[in-house]
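Colleague: pasting the sequence and the predicted model now:
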Amino acid sequence: MELGKELVRRGIGLVYGGGSVGIMGVLSRAVQEGGGDVVGVIPEALTPIELSGPMVGTTIVVRTMHERKAKMASLADCFIALPGGYGTLEELMEMLTWSNLGFHSKPVGVLNVVNYYDPLLQMFDRMVTTGFLLQAQRDIIICESTPSGLIDQLLLRGGETARDGGQPPLPTRPILPSHGGESLGGGDNDGNNESKGTLTVPRHAEETGTLTVARHAEETGTLTVPRHAEETGCQYREDKAT
Ligand SMILES: C/C(=C\CNc1ncnc2c1ncn2[C@@H]1O[C@H](COP(=O)(O)O)[C@@H](O)[C@H]1O)CO
């Protein structure tokens, strides 16, 4: 597989989900056969050979899927999502979420083979236009159609992050009700646009704030952040009588 050859050519090792079925089997074998380092992390429930095939490279067996993801995330320097199903999407979303929350600062990329991920990327764009995601948050994800192009971009972003000190600033959240903004056709059925929505603003797991805003944020807004208000990066607007 081209990605495997490209990793080997650049001396980059592979951390993956263990086993040798499907695309992950093709990739892991390509790296191993090319002489590259391969580490597979697999939960014990998936180790039977009839489920996941023979293990490739060094295998780390963990207890749960959660442990597996945490282990893989800590071992890797960046993340690449290949075309896949629920499991792939779940892993991709978790790495994006953790990056967005500042739990890691490692680059996250998708290899958009034959435009497989176009609908998902369009959804991310829609999240920006409807106010649920800032452009800066959308920009966390790196998308390229070739292994070489993607690795170039990941290395570039990784280098930038390292120069920044390794911890990106947390982006400011869009101020919108959680049940949909105007552009999603939101608003009460009775036309009352003054009803309030609530946006939960988790910064770190132990520091969660709640942002309560009116539907027209530019008119009226109330920010309630119980702890570490100065660190949230949220915009505060004075209530004003209109
Ligand atoms: C069918 C079953 C297991 C298949 N074997 C697998 N072994 C190890 N890891 C797996 C296996 N299948 C999926 N994964 C993980 O999910 C991700 C991809 O999932 P997707 O849904 O195919 O996108 C992959 O990264 C692995 O982490 C059990 O009966």
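Modeller: Received the coordinates, thanks.

Colleague: surely residue 150 meets residue 108?
Modeller: No. Using Cβ atoms under 8 Å as the test, residue 150 is too far from residue 108 to be in contact (10.9 Å). Bear in mind the C-beta positions are built from the backbone N, C-alpha and C, glycine included.

Colleague: so for those two, which residues contact both of them?
Modeller: residue 142 (Cβ atoms under 8 Å, 6 or more residues apart in numbering).

Colleague: helix, strand or coil for the residue of the chain found nearest the ligand?
Modeller: The minimum distance from the chain to the ligand, using Cβ to the nearest ligand atom, falls at residue 87 (2.2 Å). Counting by DSSP: H, G, I helix; E, B strand; the rest coil, the backbone at residue 87 sits in helix.

Colleague: tell me how many other residues crowd it.
Modeller: Other residues within reach of residue 87, judged by other Cβ atoms under 10 Å, total 12.

Colleague: and it, what is it in contact with?
Modeller: With the criterion set at Cβ under 8 Å, 6+ apart, residue 87 makes contact with residue 17.

Colleague: give me the buried positions along stretch 33-49.
Modeller: By 16 or more other Cβ atoms under 10 Å, the buried positions in stretch 33-49 come out as 36, 38-43.

Colleague: and for stretch 3-13?
Modeller: Buried residues in stretch 3-13 (16+ other Cβ under 10 Å): 3-8, 12-13.

Colleague: so which of those residues are in helices?
Modeller: If you go by DSSP state H, these have 3-8 in helices.

Colleague: which one of the buried residues of stretch 3-13 sits closest to residue 141?
Modeller: residue 3 (17.4 Å; Cβ to Cβ).

Colleague: ok, back up a step: could you dump the buried residues of stretch 3-13 to CSV with pLDDT and distance to residue 160?
Modeller: CSV is the format used below for the buried residues of stretch 3-13 (pLDDT from 0 to 100; distance: Cβ to Cβ, whole Å):
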residue, pLDDT, distance to residue 160
3, 97, 22
4, 97, 26
5, 97, 26
6, 97, 21
7, 97, 21
8, 97, 25
12, 97, 18
13, 97, 22
